[in-house]
Structures are given as structure tokens and as C-alpha cells.
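Undergrad: What shape does this take:
(3 chains)
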Amino acid sequence: MVSLAKLRVMLTWRWGAVLATLLAVSTLAVASNDEHESSGGRVAKPVYEEGKGDKCVRDDAYMRRHHMEELKHHRNETMRKGIRTTEFSLQNCVDCHANKKTNSVLGKDGFCQSCHTYAAVTLDCFECHASKPKAATPFHPLAGKGQKAGGEAGVATTMHQQMQATPVEPNTTGGASK
Amino acid sequence: MSNNADNTPNDKEQPNSRRQFLGWGMAMAGLAIAPGITLFDPAHGRAPEEAASSKVRWGMLIDSSKCATGCDDCVSACGKENGFSGSRETDSQWIRKVEIKHLPAGHSHSLPMMCQHCEHPPCVDVCPTGASFKRDDGIVLVDRHICIGCRYCMMACPYKARSFVHEELHDQNPDVPRGKGCVESCTLCVHRVDRGGQPACADACTAAGHDAILFGDLNDPSSEISKRIATLATTQVRADLGLNVGVRYQGI
Amino acid sequence: MNIEVFRKFEEKAFYALVGFLGLVALVGFGAAHYMETHGHVVTGMTNQVVWGIPHVFAIFLIVAASGVLNIASIGSVFGKPIYKARAPLSALLAIAMLAGGLAVLMLDLGRPDRLIIAMTYLNFKSVFAWNVILYTGFFTIVAVYLWTMMERKMKKYTIDAGFTAFIWRIILTTGTGSIFGFLVARQAYGSALLAPMFIIMSFSYGLAVFIVVQSVMYRWIGLTLNPAIVRRLKNLLATFVAAVLYFTIVYHITNLYFTKQHEFERFILLDGGVYTNLFWIGQIMLGTLLPLALLLHPTKGENCVYVIWAALLVIIGAFAQLYVIIIGGQAFPLDLFPGMSQSSSFFDGVIHGYSPTLPEFLLGIGGVAIALLITTIAVRVLKFVPHDDFHHITPDGSD
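TA: Below is the predicted model of the structure:
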């Protein structure tokens, strides 16, 4: 086997050189990326559409930073204590922020989804929560054609006649495997 | 939510006959729903910002003698309200009709069985994260934000009330969020109860005229359910376990 | 062959083993990922039988993990020299098997992505929550125990560490048995007997695993085990197997005394199909009587090969026993209306069916592979092979 002293010498010079090269190459690669950022890049920018209401429950900057804390706090209030003020209910958020064309907060142009995809943060609220607003009129004349086209039929088909006018929406949450 | 079932047109024509029509319409509607109201306790609606309190304890009284074999109005209503159907081994069933027969060769009848909303729920005791919990007003729920899907509560429940969601779900009812990998059970339609309504099964049974399911506040001595429990012989299923459940039965 | 050739071959064999075990573990992870993305509908587990094959594997690994530490405890706490020599290997196996068992358990959760929640939100009325603390504490305590055994300067603390580890694992196995013992709902469970029964089961399973692993190690290196040591270990295994049989008999005889339990006992002992077969053939015959015959036989019992076979049979019997306890207990329907027959769309009143699917087996075997992988690598890197000091051992095995 090689002597310890020789080993030490080898490690300092040879591996040091390799490490330095690796660092240089990666820094260059990252630096060169910046030039493309402003012109589209690989990740689609978030779609920001005006919500249906007059304003959000809090201002934009606050919501961008703290909406998860708000959601977590209020979900416990609703879940554990049954406090159901509409101001902070998730249904209310979805009602206002659902995309006018797809009627959903998910999908490529979804309010929640597009931002979460851009920021690479898992969005798993809508595995359980409905991503579309509740239908306003339960006795809509188009009711009866409520079975969702495409997607999974079978066990979880809803009998709520709410999906009458909405196009098929891909059930994409923050990561396909979830 | 408004109780107006009649779709009265809105165009301006003859106001007086319109008003008369409205008046008669309301009277008829009132007559139609009057029988249901006697089974529904007033003083129900809680303000949205008010928390559930232990002053109230929600419960149900089920009269098995009014429950017909083969009728499953409550089961379909529950499925419709909460967004599930099917009876495969992996399908969720929050309420089911159980046909029982006294042995040997005795009287047989049926009754609906759902989460009994125990006062001392074993499912709450065994849940490692505290996702299974009892609300102050007695409704036992699963906090699906922290449920990890270990199914220990399903092992512990003496009434086999809980179901596990085995598949990805789509198009959930916005009032009833449910998803893959979590355990769920009858919520006593907490989303309706909090807004002053009653569970879908009770509504459906009443609407169909069977009147087998009575929902109300067990802590209120003047409520219909308390009065009946005080005067009639009622039983709890598996009473020997000492869980003091919120769902009682007559006629077993 | 000379030593150089042997070394090269042995090194290749080592990497081959590690590669194989790594592959099996990877397949296990793949199965877990498949279960997580498609939901448990791809398994045989249903709303009636909620815990299945992965849990059988996981509970075997966890129970055996706490039991295998016995060897070390007998060495440190009771001061027996041949056990002291085996203590590091036993502690390593304890850590490795617990890691494998917990991996299977956590990957089978409906929402494994919420593991952090399982560790931060704890409901202390739940045995599961206590188990989270007991299992993670076990890792730490046994690691410290190992350290006191392997580090020369720390050897004086071995007895204290060993004692702590001993008490901790008794509490841990009590917790594991109480998972079932605390369930009042089902006729198979809800008994104070289950906690001590699981402790005795852990003694038996743990020692059986230890014997098998130790023999494989010795054969790999080309050593043979001293017959005196073989004799001690096999007598101990026979004692534990007999003790498990005792608890099984008491459990069933008590149940048979309660008329209300007769239906359940009839199901397990007589007409439960797969459960009855696994109980009588798997647990009693293969897992208890046959190993006892082998171990207590005057000549065969002295032969190392038969002892290893007996240990393997005990392990097979262990899986059969756990299958009957865990799955048989769920297959028997809940009795909501005593004295009445029940039927419903939710499978009340009927025996619940369970057909395990491939992903479940792959996940369970993956857990075993993780345990063996940790053991293999650790044995290679550190000194885990028991070195017996034969001055302390007399030919007949007493010391």
C-alpha cells in the first residue's frame, strides 16, 4: 500500500486540481444561464390573473410571503373549532382566484399551480381540496351532464352536478408522482 | 341557504296576482316541509366566527323499527353529499345498512351504522399524530392535514366505521375535502351542521317520509332527541365498551 | 487456494452480495413508490384488512431486532463471557433489523411524505407515538452501547450502557405488543397477555436470526464454531421456543374458556382455511415442534448444521405466527351485535378476504435486504466477528 505521507501529497495536489476545475466549470455554467432568464428560460413564469373579487383578504406582498402560514392557521381554526368565516376559507380563495377560462386554480394557467411550479414548491392541497369553485346555482339547467369526461371514473366520481360547463382539467398537482 | 324550492319567475307583469301566487306558494312550501321541521331542532345556526362548544353535543337517535330492509336512502344521500360510491372492498363507506337477525331464527331488522361519535373514542386514543380528534361539540373527525395514513384507528374502531382512501380522488365536493392516503369516516356532515343544517342521511330519511333518523343536541333537555331518549328505551351498540356514544338506537 | 486468491475471491463475493442486497432494497423502494403513487388499491389491503404483508415483515424485523439484543444483554448484564464476545454483532443486528423494519412500516403509510409530522405531532395517549420515541431512542442507546464495546477507553461503561439498553428494549417490545394489546375492539386482541408474549417471541426470533447470521459469517470466513458455544446457544433457543409455545397455549386456552370467544377460536384453530393451516403447520409444527425436536435431540442437537436448520424453521414459524396474529385477527369480523347474525355492504359478519399482491412482498423483502445490507457493510468495516477467549470456556459449555 502507499505510505501515508505520499497519500497526503497526492490528495492535496491532484484532487485539489480536480475540485478547482469542477467548481470553475459549474460557476461558468450557472453564470451563463442568467443571460437567458429574462427571455423566457426553461420555466414558465407564473400566470397572474386578477381575481374575481375587488381585492384579496390581505395585500399582495403579505400574501406572497405568508399565505401558507395564514392557510395553516385558519385550517386549524376551521378543522378543530369549526370557525368558518369566509374571509379565510380556502373555498373563498378558490372562488376568487379560479382561472376564468378553466375555472380552476390548477393547470398551466392556474393561479396556485403556475406560481408553485415556478417556485418549485410542492402543492398538495388540491389532492384533497376541490380546485374549482362550488357551483353557484344547484339547479342549473345543464345539470345532469355532470360526469367528468376523461380522468378517473369509478370509485370517486362525484355526484355533484357542478362540473357542467367546465372543460376537462388535468389533475396536475405540484409533482406528477404525488 | 335559502329554502325556496319554487322557481318563481322575475319579470314585471301583474304584481298583485304575482303576490298572491307567491303567498300561496309559500304556504304550500311551508306545509310540505312542516313534517320535516318537527324532526329538526331549532336554535341551530351558529355564527361562522363562533367556535364549536361543549355546551352542545350532537347526536342521533335511530329508530330501527322504522328502518326497512332494502331501503338505503341514507346511504345514497351520504354518498351523494360527500362524493363517493361503490361497495368494493377498497371503497369508502361512511354509513351502511346492517341487516341483523336474532339467533336462533328470530326477529330480523335493519339499521344504518356509521361512526358513533363516541365520547371516549378509541380511534382518538390510538392516533399517533392526533389527527383523529373529537371536536368540542362531540363530532369525531379526522384532520386530514396531519393524518399519515397508518390505519391504526381503523384497527381500533369497535364499529368498523372508518375507511381508508385507496386511490387518487378527483372532483371532490368543495365542502368535503378528501384525498388518497388518509383515513376518513362519517363527519355528521359537519359542514352542514355548522351552518345550521343536519346530516344528509337524516335529511334524506325525513324527506322520504321514513323518519327513522333524528338528529339533535343531546345536551339540550328541550330538544326532541333528548326528550325521546329520556322517555323511551334506547340502546347504544356495544354499550359494554363504555364509550358513551352519540348515536343511539331504538328497537334493536 | 492460497490466502491472496482467497482474499480476491472473497472481495468479489462481498461486492456481489452488497450489489444483490442493494438491488433487492431498491426494488423494495420501487414497490413502495408504486404503492404511494397509485394508492393502496394496488395492494391486497382493504378497508377490512388494513394491515398486511408489509406489516408482517416489519413487525417480525422489529420484534427480532429487540430480541437479538438479548445476546448482548446476557453478556453485559449477566456477565457471561461467550455472550460478551458476541455482544457487538448482536447490537449491530439490532440496529440493522430495526432500521429495516421501520423502513417498511414508514413506506407503507398512506402518506409517507408526512413522516416529519409523525415525529413532530405526537399524541401521547397513543402507543404508536410512544413507539416513535422508543424506536428512535433505541437506535441512539444501542449505538452508544456499541461504542462502549468497541472503543477501548469506553469499555468501563459497557455494563451501564448494556443495562440501559436492556431495560429500553423491554419497554420497546412491550410497546410493540401493546399495539395489539390495547385494542379493545377486536376479539383477537385486547389482552394483557400480548405484551409479554411479544417479549418472549422477540427472544426466540432474535436468537434464531442471530444463529443464522453468525453461522453464515463464520462459514464466509472459514471458521467453525466451538461445539460448546453451539450447545449453549441451541439450548437457549430451545428454551425460548418452548416459552413461546407456552404463551400460545395459555392464549388459546383462555380464549376457549370464554364462550363469546368460541367463534373466533373455531376460526383460527379449525375452519379458518389459510389461518388454520399457518397456525398448525406453520407455527406449531414447523416453527415449534420440529425445531424443538432437532435442538433437543441427543446427537443431532450437537451438530451445527441441524441447529441452523432449527433456527431457520423458527424464523418460518415466526412469519406464520405473525400472519395469524396480525391478519387473522383482522379477517375475523367485529361482533357489533352479540347474539345476532349481521350482514351489510361493508362486509359485516363475514370473514374478510385478503389476497396479498406483489408490491407488498417486494416491500417486505426490501426491508429484510436493508437490514442485511447494513449488517454486511458494517461487518466488513468494523470488528464484529465474535472472538472467543477459550480460556474461559470449559468443554461442556459451563464457565
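Undergrad: Nearest to chain B within chain C, name that residue for me.
TA: Closest contact between chain C and chain B, by C-beta to the nearest C-beta, is at C:G110 (1.8 Å). Yep, even glycine has a C-beta here, placed from its N, CA and C like the rest.
Undergrad: which regions of the chain lie under the pLDDT threshold?
TA: By default, I'm working from chain A. A:1-2, A:31-41, A:136-178 (pLDDT under 70).
Undergrad: Sorry, I should have been clearer: chain C.
TA: Applying pLDDT under 70 to chain C flags the ranges C:1, C:389-399.
Undergrad: quick one, longest helix in it?
TA: Criterion DSSP state H: the longest helix present in chain C is helix C:3-38.
Undergrad: Let me know the next secondary structure element after that one.
TA: Sequence order places helix C:53-76 as the next helix or strand after helix C:3-38, per DSSP states H and E.
Undergrad: quick one: buried residues of stretch B:185-198?
TA: The neighbour-count check on stretch B:185-198 (16 or more other C-beta atoms under 10 Å in any protein chain shown) flags B:185-194, B:197-198 as buried.
Undergrad: Kindly apply the preceding question to stretch C:292-299 instead.
TA: By 16+ other C-beta under 10 Å, the buried positions in stretch C:292-299 come out as C:292, C:294-295.
Undergrad: Stretch C:255-273 too?
TA: Applying a neighbour-count criterion of 16+ other C-beta under 10 Å, one finds C:255, C:261, C:264-265, C:267-268, C:272 buried in stretch C:255-273.
Undergrad: Can you flag which of those residues belong to helices?
TA: Those of the buried residues of stretch C:255-273 mapping onto helices are C:255, C:264-265, per DSSP H.
Undergrad: Next, format those residues as TSV and append distance to chain A.
TA: Listed next are these as TSV, based on distance: C-beta to the nearest C-beta, whole Å:
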residue	distance to chain A
C:N255	37
C:F264	31
C:E265	36
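Undergrad: on that earlier part again, among the buried residues of stretch B:185-198, which lie within strands?
TA: In strands, judged by DSSP state E, none of the buried residues of stretch B:185-198 are found.
Undergrad: how about those, which pair is most distant?
TA: Longest distance between any two of those is 19.2 Å, between B:S185 and B:G197; criterion C-beta to C-beta.
Undergrad: Buried residues of the one helix or strand C:Y251 maps to, list them for me.
TA: Here C:Y251, judged by DSSP H and E, is contained in helix C:227-257. Across helix C:227-257, burial judged by 16+ other C-beta under 10 Å covers C:228-234, C:236-238, C:240-245, C:247-248, C:251, C:255.
Undergrad: helices or strands up against it?
TA: helix C:81-107, helix C:194-221, helix C:262-266, helix C:290-296, helix C:304-323 (3 or more C-beta pairs under 8 Å, 6 or more residues apart in numbering or on different chains; DSSP states H and E).
Undergrad: ok, is the third one in contact with chain B or not?
TA: Which is helix C:262-266. No: with C-beta under 8 Å from any C-beta of the partner chain as the criterion, chain B is not reached by helix C:262-266; the gap is at least 11.6 Å.
Undergrad: Provide a list of residues in contact with the closest residue to C:A94 other than its chain neighbours.
TA: Among residues not flanking C:A94 along the chain, C:L69 sits closest, at 4.3 Å (C-beta to C-beta, 6 or more residues apart in numbering or on different chains). Listed by C-beta atoms under 8 Å, 6 or more residues apart in numbering or on different chains, the contact set of C:L69 reads C:90-91, C:94, C:142, C:165-166, C:169, C:206.
Undergrad: Could you check the angle the longest helix of chain C makes with helix C:81-107?
TA: Using axes from the mean of the first three to the mean of the last three C-alpha atoms, to 10 degrees, the direction of helix C:3-38 lies 30 degrees away from that of helix C:81-107.
Undergrad: any bit of helix C:3-38 sitting next to chain B?
TA: Yes: interface with chain B: helix C:3-38 contributes C:36, C:38 (C-beta under 8 Å from any C-beta).
Undergrad: Report whether that helix contacts chain A.
TA: Yes: Helix C:3-38 reaches chain A (C-beta under 8 Å from any C-beta) through C:33, C:36-37.
Undergrad: one step back: just give me how far the helix holding C:Y251 sits from the chain centre.
TA: Chain-centre distance of helix C:227-257: 15 Å, with C-alpha atoms, centre = their mean, to the nearest Å.
Undergrad: can you pull out the helices in chain A?
TA: Counting by DSSP H, the helices of chain A are A:4-10, A:16-37, A:60-76, A:90-97, A:111-119.
Undergrad: Measure how buried the residue nearest to C:L93 when sequence neighbours are not counted is and give me the count.
TA: Nearest residue to C:L93, sequence neighbours excluded (C-beta to C-beta, 6+ apart): C:V68, at 4.6 Å. Neighbourhood size, C:V68 [other C-beta atoms under 10 Å in any protein chain shown]: 30.
Undergrad: sorry, back to before: tabulate the ones in helices among the buried residues of stretch C:255-273 (a markdown table), appending distance to B:L22.
TA: Output for these, formatted as a markdown table (distance: C-beta to C-beta, whole Å):
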| residue | distance to B:L22 |
| --- | --- |
| C:N255 | 70 |
| C:F264 | 64 |
| C:E265 | 69 |
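Undergrad: any idea which of these is the one closest to A:R65?
TA: Checking those against A:R65 with C-beta to C-beta, the nearest one is C:F264 at 57.5 Å.
Undergrad: Look up how far C:G329 lies from the closest one.
TA: Noted for C:F264: a distance of 9 Å to C:G329, by C-beta to C-beta, to the nearest Å.
Undergrad: go on, C:A32?
TA: Using C-beta to C-beta, we find C:A32 at a distance of 24 Å from C:G329.
Undergrad: ditto for B:F215
TA: For B:F215, the distance to C:G329 - C-beta to C-beta - is 35 Å.
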